[in-house]
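1. here is my input, please return the structure:
(2 chains)
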Amino acid sequence: MKLEKFEQDFQSEINEIKSLKKAQMFVPSFKVPTYKELNAKILSLVLALPAIAVFFGIFIFNGGNTENKKEIAMLEDSNTRLINQIDSIDYENGN
Amino acid sequence: MREPTENAPKTRSLQFEELHNRLYGRVFSYVSLRIKDREEVTDLVQEVFLKAYRTWSEIPEESTARQYLFVIARSKIIDYLRSARHRYMGVLQNKVDEFGEYESDFDSLKSEDPLPEEVFEKSENSKKILELLQVLNPLEREIINLRFMEELEYKELSEIYKTSEDNIRKKVSRALQKVKDKNKIKVDK
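-> Residues are numbered from 1 along each chain as shown, chains lettered A, B, ... in the order given. This next block holds a predicted model:
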């Protein structure tokens, strides 16, 4: 490497810096993600999403359903009471 | 099925792999000068080579490839430091110096930050020189490394740091003066 003029004033510092040696290093192999691997990842995501949606859907639906069932049961009880009251009034009136 | 012959042209992947094996260490040491976490360094270096692989339709000759890899590495380092800064400080500084770095990067990075010793050979000489280089800030160490250990020309350095060659020369001159002054102090003692 040819030193520039201003660098020549620092010859000894530069020689010291250049004497620093880099350690041997483990070089991992270079791996490019192939289309096969990328496609596999995309496919697993595409399949997983509906499965997750179904799982949460069942959970929410059942939870909602329970609420509906309770309401229906309460309405049915209320209807039954009303019908019983109507029957007893009819009976009193001689119907 | 025909067997591949010895003289068959190498595939792009094979050529790139060979280049990767030859230059990995250089890019790794360069990134290590700025980023301490070895795992982060490994990830960043992998990203550098991946970007190069995707960008190059043809593998350039080694000296061009080396310069280009340092350009990508530099860009990755800046992004990393900015995102780390943003993560920890929550504020982005607007003022940048001629090297595209936030000025406070120089102030906040202490000169006492140790150099990555594992990147260099373990010897008394290495220890002595690394101690000497502690007087430089991280950017100065980077540029000195690229100029004198990687032997890049000022034109190449100016492309990596996206600044003028004169700015780089000023930086190198200041850095060498600091090292000289430190040496003088040691000798006088």
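
2. which helices and strands sit right next to the longest helix along chain B?
-> Using DSSP state H, we find that the single longest helix of chain B is helix B:62-89. The contact analysis (3 or more CB pairs under 8 Å, 6 or more residues apart in numbering or on different chains; DSSP states H and E) places helix B:62-89 against helix B:12-32, helix B:38-55, helix B:154-161. Heads up, the C-betas are built off the backbone N, CA and C, glycines and all.

3. report all helices and strands that the second one contacts.
-> Taking 3+ CB pairs under 8 Å, 6+ apart as the contact definition, the neighbouring helices and strands of helix B:38-55 are helix B:12-32, helix B:62-89.

4. next: the last one.
-> Applying 3+ CB pairs under 8 Å, 6+ apart, one finds that helix B:154-161 contacts helix B:62-89, helix B:165-188.

5. buried ones in the longest helix of chain B, by neighbour count?
-> B:65-74, B:76-78, B:80-81, B:85 (16 or more other CB atoms under 10 Å in any protein chain shown).

6. tell me how far it is from the chain's mean position?
-> In terms of CA atoms, centre = their mean, to the nearest Å, the centre of helix B:62-89 is found 8 Å from the chain centre.

7. the inter-axis angle of that helix versus helix B:12-32?
-> Angle of helix B:62-89 versus helix B:12-32, following axes from the mean of the first three to the mean of the last three CA atoms, to 10 degrees, is 50 degrees.

8. quick one on the thing from earlier: tell me the one of the buried residues of helix B:62-89 nearest A:Val46?
-> B:Lys76 (30.9 Å; CB to CB).

9. I'd guessed that closest one sits against B:Gln46; true?
-> No - assessed by CB atoms under 8 Å, B:Lys76 is found out of contact with B:Gln46, at 10.2 Å.

10. before we move on, back to that, turn the helices and strands packed on helix B:62-89 into TSV, including mean pLDDT and mean neighbour count.
-> Below are those laid out as TSV (pLDDT from 0 to 100; neighbours: other CB atoms under 10 Å in any protein chain shown):
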stretch	mean pLDDT	mean neighbour count
helix B:12-32	89	18
helix B:38-55	92	17
helix B:154-161	92	19
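
11. tell me which of those helices sits nearest to A:Ser44.
-> With CB to CB, the closest approach to A:Ser44 among the helices and strands packed on helix B:62-89 belongs to helix B:38-55: 21.9 Å.

12. run through who's touching the closest one.
-> Contact partners of helix B:38-55, identified using CB atoms under 8 Å, 6 or more residues apart in numbering or on different chains, comprise A:28, A:30, A:32, B:16, B:20, B:24, B:27-28, B:31-32, B:35, B:65, B:68-69, B:72-73, B:76-77, B:80, B:118.

13. hmm, back to that, okay, the helices and strands packed on helix B:154-161 in a markdown table with mean pLDDT next?
-> What follows is the helices and strands packed on helix B:154-161, written out as a markdown table (pLDDT from 0 to 100):
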| stretch | mean pLDDT |
| --- | --- |
| helix B:62-89 | 82 |
| helix B:165-188 | 88 |
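
14. now render those helices as a markdown table, adding distance to A:Asp77.
-> Below are these laid out as a markdown table (distance: least, CB to CB, whole Å):
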| stretch | distance to A:Asp77 |
| --- | --- |
| helix B:62-89 | 59 |
| helix B:165-188 | 86 |
